[in-house]
Each structure stands twice: as structure tokens, then as C-alpha cells.
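[1] take a look and give me a structure for this.
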Amino acid sequence: MFRERAFRRATGSGPSALNRGLLAAAVAGMLSLATAGAALGAGAPVTVGTPFENGPPAVAVDNAGDAVIAWANTKDLSGASNFVQYCVLPVGATSCSHTGPLTPADSASYIDGVKVLVEGSTFVILADVYGAAGPNADQYIPEQEWQSTDGGDTWSSVDTGFSVSDGIINADTGPLSAVTVPGTGVLGYGWETAEGPPTFNAFPLSSPPVCSAVDPPAPCPGGAYATLEPSSNPDQIGNGGGQFASQLGANPGVLGVFFTDNTNGPFGCSDATTVPFGFAYAYASGAQSATNNYNTSPGSPGSAWRLAATLGDCNVEYQAVGGGPSGFGVLEDNELKGQTVYHRFDQTTDAFDTPLVTVDSQGELDPALSQDGSGGIYATYLAGGDGGPLELSYSADGGTSWTGNALNADKDGRIGDASSSVNAAGHGWAAWNDNGSVFAQSFQAVDAVAPAVVNKGATSNGSTVTLKVSCTAFPCKVSITLTAPETVVVHVATARAARKQKTKKEHKTIRLGAGTFTIKTEGAKKLSLKLSGTGKKFVRAHKGRIKVTAEIKETVADHIRVITQTLTLTIKTESHKK
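    Numbers count the residues shown, from 1 in each chain. Got it, this is the predicted structure:
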């Protein structure tokens, strides 16, 4: 079976310089997710595989904070078929604890896409396959599944490789997303079709019945898949790209967003200053059941889908959708303003009738959205498009305000196919392709706060120390503690103390002074902190330039970063001027 996918990528960098100082004033009651002693910070990138040719990596994070990463190896060495590679990467590790290949059943030779889910203690890998070769080939396509219940040590093929889900309209149908459907033990998968509507199918996590592209279809759980756009629409959504996200808990549902490019009709977007890009969305709510069925098309009795495909925003592209305790929202590239923006979905009106919020002052590519158990929203994306740094932005207030910082500088400008995920505790992992290898990097909310910049020079008049500090997100509370080494002479009694004594030099650290300041605007600010009595005595005993240590604790939106920097202190007391 042949499939054709259409992809679009940015053609250049963003229109303006990267500005990470976009955080509005922190709202009261924000949950502090990270402290100076937090165990899981942004780690160094880890190479998790070198397939040389592969599809986009998918990543999920388990309750322990370990990453489960999988991708399609498409190198086809010596004529071999595509296969799935996986890696389980523990927190703090520099290599995979478990890794290996998963071969599709019935000699399915091609893999369109790989998705990963973590369902409690069960890891799930789903591969969208085609090209099966046996006498019952159609029963092995499109969706093969593997599960692991021992942390990724071993994997078993579900239903001996028979397809577990189906949303195939024709040979031009391709995969979009896998999600956890609200309900008990239900998964879901969405597809797109060239010149056709998007589709969605829900299926059980445990012992799913065969649900394949065989004609007539094998029995799918709960009936056939849902078609999310009426065939009567003059403009079918097609296969420009899209994503699904699910939301569990108090306000459960599934939201799908799909790229559109129409100048008229139900998805018509037009503007004289740009191309008519936009997105449509479909929305379902409630738990999966026979009377609230995610496999029943919108508008039909018993369907969970409240809205068929409906126009969302215009003049935007590169959308990512996410859901969680803070509700659904979409991250997107605003073509009119050249910015990355967040648009919260209003589940009371089933509409995007909330304000757009600026996340980054330039556009993006490869966006991903996810939430932790407290509703903190995490966004990763290539800032400015191809070649841009892999940025991490974070919101603690439901998407009203954001702070951002480069997670990975992308020094070779070759990061692509980036994705990310966080667990309920806010432990996150990003994964991406770069020059034939797959990489992963850990992060948490505090990594979205850029560290304060401290000038390396400082001055003292004998009673205070003045230095320059700047922040990139506001308001920024900065607590500074200055210390310096001091050498003292210690008299040590020998065993024959009455007759003889020895002296030796010891080094100790003395506290010169401390101060706390709040910075509210951009630019380097002169901060003066008072010297302690010991600090004044130390300064009087020195002259010229000396080295001191500054510990800077920066707090932004209840998130704390601590940096330590050596400063050159120039002493300008009156006694030294004479």
C-alpha cells in the first residue's frame, strides 16, 4: 500500500531577534515546581541512537521521570525493511538502559510514523505500517502495537501484530497522533487524508480486537472510526499536518487541530499581507462509552464529538495542541506578527474566543505542548525556524504569561523533528534528530528561566559593593551573597607543647555581605549591597583588585536558579586613595 505525506518546513529564520523576556508579573499562588536543590535540571544532550536515516522520534515520560523514545529506522540496510528502534533513558543517565529493534509483523516493510504512550506502568509503542506481504496482509495494517510492563526490558507484540486501530480512508491516509482517551484503559489514534477529512479511532489498551484496513473492515471496538469533517464541505482539510491531544481529570476530552490553506469556504482565511494559512479543530468531551463514543462521527447519535472540523485561527501555522489541568491550548506561529503565540481553548463555549498570548517575539518550528499534574504548561520549539535554538517556554498560570530560555543552542543548526513530553511531576524530556543521530535532553520548569547576567567587575567604597546585574524575565528577584577566601595563621601545639609550638596556614571562606533586589525592566542595573563588619574589615585589609565569589539566587515566577560567579572587586576606599 502506497502513501504520500505532505510536509512543510520553514524557509528561513524568524523576523526578529530572540527575546526571552516575555514573562508578565507572576500571579499569586503559583506552584513552585523547582528549587535550587532540585534533582532534575536540563542535562547534557544524550545520543540515544545513530540510525543515519529515520523518522521523527516520539517521546513519553514515565512516573519516575525516565524517557521512553522510539523512532522508525528507515535506512533499509542491505534491502532490509523499516523497523522500530526504542530507548529507555533514565534520569541522569548518559546512555539507554534498554534499547533494541522491534520488527513489524507480516513483513510490513514501511513505517509512516511511530508514537509512544505511557499508561501507568505500561509502555506503549505504536507504529503506522504498510507493505505487509502475507496472505492476510491487510489485517496487519495500519497500526501495529508493542507493550512493555517491565520498564522497557522486554516488549511483546499486541495481537501477534494484527492491527489494533484503523482510520484509513484510502492509500493517501497518514498518521497524526496517539493519545490516551478519557475513560478506563482506552487509547486513540488520529489520521489525515489527502483531499479528505481527518479521522479518529478509539481502542482498548488491553486485548484490543483486530481493527484493520481489510475490506470489508475487521470489527473495530465500538464501531468504525469517526470522520471529523462532513463530506458535504466544499473544502476538505487534506494532509497538511495536525495533532491530537487528550485531557483527563475533571474536564475530559480530545482536541484535534489541522492545518488549513483556503481563501474561501468554511476554512477560508485571507489577508493582504500574508498567505491564508490557518487551522481547523474538532472537539470531543467525556469518557469513552457506548453512549459517548469517540468512534462515532460528529452529528450522529451517541457521538462524543461535540464539534466537527471548525475554523480556528487564521494567518497562523506550525500548530501544536496540548491539554491538562489548565485546559486545552494551541501553540502556533503568528504569520502577521512574526511571533510564537498561545491560544487557550474555551471548553465552556467550545471555541477559541480567548486572547492570543505572546510566547516568543519570533516564530517557531517543530512545536510541542504538554502539561504537568499541576497544570504547568511546557512548550518546546525551534525559535525562528530552521537553525534556531531549541527553546523551552513555560507558563504557571494557564498560558496567561510565559518565560523562555534556550534548552539547546543548536550550534550546528541541524536540529529537526523535535518533540517533548513531561510527566505529572514536571520532569520533561525533549528528543530530536540531528545529522543521522537521535538525541534526548532532560528539562524542568526552572530551565525556562534564563540565568541572570552579572558583570564580572565590581567596586567597593569600603562600606558597600556595587555590581551590575540584568535579568531576561520580569519581575526578577535577585539575592546576592559575596564571599572571599582568607588565609589565617593557626598555632598548633605539638606533643611537647611546653617546649615547642608550630604554625600553619589555613584557608577559610568569609561572608562579605548580602542583599536582595527586585529588577522590573530590561538592561543592566547597578546594585549596591552593604558589607558586613567582617566584610568591611576584609576590604580595609586589601587594596587594588581582588577576586571574590558571588552567589546569585534568581527567582522568577516562584522558580529559582542559582549561579556562582567569580568577580574582580576593585577597592576604592578613601584610605587607598591617599
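[2] from here on, just use CA atoms for contacts and neighbour counts.
    Noted.
[3] residue contacts, residue 66?
    For residue 66, the contact set (Cα atoms under 8 Å, 6 or more residues apart in numbering) comprises 88-91.
[4] residue 373 belongs to a helix, doesn't it?
    No: if the criterion is DSSP: H, G, I helix; E, B strand; the rest coil, then residue 373 is coil and not within a helix.
[5] how about it, what does it touch?
    Contacts of residue 373 were listed using Cα under 8 Å, 6+ apart, and they are 324-325, 423-426.
[6] same check, this time on residue 392
    By Cα under 8 Å, 6+ apart, the contact set of residue 392 is 378-381, 404-407, 447-448.
[7] what of residue 483?
    Neighbour list for residue 483: 509-513, 548-550 [criterion: Cα under 8 Å, 6+ apart].
[8] quick check, nearest of those residues to residue 303?
    Nearest to residue 303 among the contacts of residue 483 is residue 550, at 61.4 Å by Cα to Cα.
[9] could the contacts of residue 392 go into a markdown table alongside distance to residue 122?
    Output for the contacts of residue 392, formatted as a markdown table (distance: Cα to Cα, whole Å):
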| residue | distance to residue 122 |
| --- | --- |
| 378 | 24 |
| 379 | 25 |
| 380 | 25 |
| 381 | 28 |
| 404 | 32 |
| 405 | 33 |
| 406 | 32 |
| 407 | 29 |
| 447 | 29 |
| 448 | 30 |
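[10] out of those, which is most surrounded?
    Using other Cα atoms under 10 Å as the neighbour criterion, residue 381 leads those with 32 neighbours.
[11] which one is residue 195 nearest to, not counting chain neighbours?
    residue 238 (4.2 Å; Cα to Cα, 6 or more residues apart in numbering).
[12] same question but for residue 234, I mixed them up
    Leaving aside its sequence neighbours, residue 234 sits nearest to residue 265 (Cα to Cα, 6+ apart; 6.8 Å).
[13] need phi/psi at that neighbour.
    Main-chain dihedrals, residue 265, degrees, to the nearest 10: phi 80, psi -170.
[14] confirm that residue 138 sits in a helix.
    Yes: counting by three-state DSSP, residue 138 is found in a helix.
[15] how many other residues sit next to it?
    Neighbours of residue 138 under the rule other Cα under 10 Å: 22.
[16] what does residue 76 give?
    Neighbourhood size, residue 76 [other Cα under 10 Å]: 15.
[17] in TSV: the contacts of residue 373, plus secondary structure.
    Formatted as TSV, the contacts of residue 373 follow (three-state DSSP):
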residue	secondary structure
324	coil
325	coil
423	coil
424	coil
425	coil
426	coil
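[18] and which of the contacts of residue 483 is nearest residue 160?
    Closest to residue 160, out of all of these and judged by Cα to Cα, is residue 550, at 61.2 Å.
[19] how close does the closest one sit to residue 483?
    Distance, residue 550 to residue 483, by Cα to Cα, to the nearest Å: 7 Å.
[20] picking up where we left off before, list just the nearest of the contacts of residue 66 to residue 528.
    Once Cα to Cα is applied, the member of the contacts of residue 66 that ends up nearest residue 528 is residue 91, at 40.1 Å.
[21] returning to what we had before: using JSON lines, lay out the contacts of residue 392 together with secondary structure, pLDDT and distance to residue 299.
    Shown next, in JSON lines, are the contacts of residue 392 (DSSP: H, G, I helix; E, B strand; the rest coil; pLDDT from 0 to 100; distance: Cα to Cα, whole Å):
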{"residue": "378", "secondary structure": "strand", "pLDDT": "98", "distance to residue 299": "34"}
{"residue": "379", "secondary structure": "strand", "pLDDT": "98", "distance to residue 299": "33"}
{"residue": "380", "secondary structure": "strand", "pLDDT": "98", "distance to residue 299": "35"}
{"residue": "381", "secondary structure": "strand", "pLDDT": "98", "distance to residue 299": "35"}
{"residue": "404", "secondary structure": "strand", "pLDDT": "93", "distance to residue 299": "41"}
{"residue": "405", "secondary structure": "strand", "pLDDT": "93", "distance to residue 299": "44"}
{"residue": "406", "secondary structure": "strand", "pLDDT": "95", "distance to residue 299": "44"}
{"residue": "407", "secondary structure": "strand", "pLDDT": "96", "distance to residue 299": "43"}
{"residue": "447", "secondary structure": "helix", "pLDDT": "93", "distance to residue 299": "44"}
{"residue": "448", "secondary structure": "helix", "pLDDT": "93", "distance to residue 299": "42"}
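[22] which two from those end up farthest apart in space?
    Among the contacts of residue 392, 381 and 447 lie farthest apart (Cα to Cα), at 14.2 Å.
[23] picking up where we left off before, can I get the contacts of residue 66 in TSV including neighbour count, pLDDT and distance to residue 312?
    Listed next are those as TSV, based on neighbours: other Cα atoms under 10 Å; pLDDT from 0 to 100; distance: Cα to Cα, whole Å:
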residue	neighbour count	pLDDT	distance to residue 312
88	25	98	37
89	26	98	37
90	19	97	39
91	19	93	38
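[24] now for the lengthiest helix in the chain, which elements pack on it?
    Longest helix in the chain, counting residues (DSSP state H): helix 533-540. Here helix 533-540 touches strand 501-519, going by 3 or more Cα pairs under 8 Å, 6 or more residues apart in numbering; DSSP states H and E.
[25] so for the strand it packs on, mean pLDDT?
    Across strand 501-519, pLDDT averages out at 83.
[26] ok, which stretches of the stretch 101-250 of the chain are strands?
    Using DSSP state E, counting those that start in this stretch, the strands of the stretch 101-250 of the chain run over 110-119, 122-130, 143-148, 156-157, 173-181, 186-193, 199-204, 226-227, 242-247.
[27] with mean neighbour count, distance to residue 284 and mean pLDDT added, can I get those strands in a markdown table?
    Output for those, formatted as a markdown table (neighbours: other Cα atoms under 10 Å; distance: least, Cα to Cα, whole Å; pLDDT from 0 to 100):
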| stretch | mean neighbour count | distance to residue 284 | mean pLDDT |
| --- | --- | --- | --- |
| strand 110-119 | 23 | 20 | 97 |
| strand 122-130 | 24 | 22 | 97 |
| strand 143-148 | 24 | 22 | 98 |
| strand 156-157 | 16 | 30 | 98 |
| strand 173-181 | 24 | 10 | 97 |
| strand 186-193 | 25 | 12 | 97 |
| strand 199-204 | 26 | 11 | 96 |
| strand 226-227 | 24 | 11 | 96 |
| strand 242-247 | 25 | 9 | 98 |
